[in-house]
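*Asks:* Predicted model follows, preceded by the sequence.
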Amino acid sequence: MPRMSARELNSSPLGRRRFLQLGGLGAVALGAGGLLAACGGSPSATGSSSGLGTLGIQLSWIKNIEFAGEYFADAKGYYTQAGFSGVNLIAGGSAGTSAEAAVATGKALMGLSSPTLTAPAILQGAQLKTIASTYQKNPFCILSIDSDPIPTVRAMKGKKIGVQSGGNTTIFKGLLKANGMSESDVTIVPVQYDPTVVTTGEVAGYMAYTTNEPILLRMKGFKTVQFLFADYNLPFVAETMVVSQSSIDHDRAKLKALLVAEIKGWTDAVASPSQAANYAVTGYGKDQNLSVDEQTAEAVAQNGLVVSPDAIKNGLFTLSDALIADNIKALANMGVDITADKLFDLSLLKEVYQENPGLISSFAAAAGSATPTPGK
């Protein structure tokens, strides 16, 4: 059995993707009443006599490589340079607070999330908006072994596909719908968060994160094949930055300062996967028993989700009109009907780049020097 990363070790009995997607597609994390009641407040960084105060950021998971940009922004002083006296990176997890709940209650100025969570919360009345997206593609993939490869969505036909229960099943069914397939075209096999089942032949394909399980199996000597949901008509973004409408209305300068620091941090993270892994393993995620080799490999793979031609041209975290439209369509395929103006507000990011055009060229240079994604 492959050695499980901290993601698996810390997610039993609720795996990360089950936690996230159950929250987004089944129920709002605080419960509808609790979250909506909380949305009357104005979440912001804790005030102080100097600058913008202490910044609170709700992470979407445990402190691993996924938050490399935040680690760089803290370690290299980008948050303090932007005017904050300090930063509190609040770990998430299977029992943690969702980004939507943390922002709504004022626990955090910004939370990292996904449209699959934020859109349902907004539809239930939460006054939230997505202002930027770290990942230009979501990490979901179908993982297979090269002896029985599934390189495309159509290649799943007639195969047994391992899918975790709850929200992951909803997303997988959305993938089928988006590609003109039906549930009868495949056999959906309920599985847990252990990819071993695809190596034993229990299933031919396994719903995974491209930045995690494929790397775990490759490190055990398996040759893997995968395709991304984002490349097959389900291109919702991920690790999105969610804030309250109140902070957009009343704390624009604070949010723009946050975005500048985040852009600088993620520019560095893309340029240096090895240092990103070092921060995760020996610093911020020291208590997670992370592997340097695995976290470095995940950092390299993660770059393939962060860097895109549009991001290089327009700036880190930006979403083109076409990508936004694709996200709205993808959500509809999963049964979530929302309009772009209710979910997204990219005006702050636009202002940041108008005022700091050098950030675009710096990221383009970093992306050009980034190590290619393995297994692509």
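*Replies:* Nice, I can see it.
*Asks:* Identify, by residue count, the longest helix of the protein.
*Replies:* When the chain is scanned for its longest helix (criterion: DSSP state H), the result is helix 252-271.
*Asks:* on contacts alone, who are the packing partners of that helix?
*Replies:* Applying 3 or more C-beta pairs under 8 Å, 6 or more residues apart in numbering; DSSP states H and E, we find helix 252-271 packed against helix 68-75, helix 78-81, strand 128-135, strand 238-244, helix 245-250, helix 292-306, helix 347-355, helix 358-369. In this view, the C-beta of every residue, glycine as well, is placed from N, C-alpha and C.
*Asks:* and the last one, what other elements does it pack with?
*Replies:* Applying 3+ C-beta pairs under 8 Å, 6+ apart, we find helix 358-369 packed against helix 252-271, helix 309-314, helix 347-355.
*Asks:* Quickly compare these and say which is most buried.
*Replies:* Comparing the helices and strands packed on helix 358-369 by mean neighbour count (mean count of other C-beta atoms under 10 Å), helix 252-271 ranks first with a mean of 23.
*Asks:* how about whatever helix or strand comes next after that one: buried residues?
*Replies:* Using DSSP states H and E, the next helix or strand after helix 252-271 towards the C-terminus is helix 273-278. Neighbour counts over helix 273-278 (16 or more other C-beta atoms under 10 Å) mark P273, Q275, A276, A277, N278 as buried.
*Asks:* Helix 273-278 - contacts with which helices or strands?
*Replies:* Looks like helix 273-278 contacts helix 68-75, helix 292-306 (3+ C-beta pairs under 8 Å, 6+ apart).
*Asks:* Reformat those helices as CSV; add distance to E239 and mean pLDDT.
*Replies:* Listed next are the helices and strands packed on helix 273-278 as CSV, based on distance: least, C-beta to C-beta, whole Å; pLDDT from 0 to 100:
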stretch, distance to E239, mean pLDDT
helix 68-75, 9, 98
helix 292-306, 8, 96
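*Asks:* With respect to S133, which of those helices lies nearest?
*Replies:* helix 292-306 (9.4 Å; C-beta to C-beta).
*Asks:* What are the buried residues along that closest one?
*Replies:* In helix 292-306, the ones that count as buried by 16+ other C-beta under 10 Å are 294-306.
*Asks:* show me the residues around the residue nearest in space to the middle of the chain that make contact.
*Replies:* Most central in the chain under C-alpha atoms, centre = their mean is E239, positioned 2.7 Å from the mean C-alpha point. Residues in contact with E239 (C-beta atoms under 8 Å, 6 or more residues apart in numbering) are S60, E66, L112, S113, S114, S133, T134, Y135.
*Asks:* picking that back up, any chance of the helices and strands packed on helix 252-271 in a markdown table with distance to D321 as columns?
*Replies:* A markdown table is the format used below for the helices and strands packed on helix 252-271 (distance: least, C-beta to C-beta, whole Å):
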| stretch | distance to D321 |
| --- | --- |
| helix 68-75 | 25 |
| helix 78-81 | 29 |
| strand 128-135 | 14 |
| strand 238-244 | 17 |
| helix 245-250 | 20 |
| helix 292-306 | 20 |
| helix 347-355 | 12 |
| helix 358-369 | 18 |
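*Asks:* nearest to T210, of the ones you listed?
*Replies:* Across the helices and strands packed on helix 252-271, T210 has its closest neighbour in helix 292-306 (6.2 Å, C-beta to C-beta).
*Asks:* Packing partners of that closest one?
*Replies:* Using 3+ C-beta pairs under 8 Å, 6+ apart, helix 292-306 sits against strand 128-135, helix 213-219, helix 252-271, helix 273-278.
*Asks:* and the residue nearest to K223 when sequence neighbours are not counted, how many residues sit next to it?
*Replies:* Nearest non-adjacent residue to K223, counting by C-beta to C-beta, 6 or more residues apart in numbering: D146, 4.1 Å away. By the criterion of other C-beta atoms under 10 Å, D146 has 10 neighbours.
*Asks:* what do you get for the one 5 residues further on?
*Replies:* The number of residues packed around P151, counting by other C-beta under 10 Å, is 12.
*Asks:* before we move on, what SS does it have?
*Replies:* The three-state assignment at P151 reads coil, by DSSP: H, G, I helix; E, B strand; the rest coil.
*Asks:* per-residue pLDDT, it?
*Replies:* At P151, the predicted lDDT confidence score is 98.
*Asks:* Could you pull out the buried residues of the helix or strand harbouring P190?
*Replies:* Here P190, judged by DSSP H and E, is contained in strand 187-191. If you call a residue buried by 16+ other C-beta under 10 Å, then strand 187-191 has these buried ones: I188, V189, V191.
*Asks:* before we move on, what about stretch 143-151?
*Replies:* Buried residues in stretch 143-151 (16+ other C-beta under 10 Å): L143, S144, I145, P149, I150.
*Asks:* Contacts for it, please.
*Replies:* Stretch 143-151 is contacted by residues 142, 155-156, 159, 195, 198-199, 201, 204-208, 213-214, 217, 222-227 when judged by C-beta under 8 Å, 6+ apart.
*Asks:* next one: stretch 250-262
*Replies:* By C-beta under 8 Å, 6+ apart, stretch 250-262 touches 42, 44-45, 52, 55, 69-70, 73, 78-79, 81-84, 109-110, 131-132, 241, 243, 247-248, 317, 348-349, 351-352, 355-356, 359.
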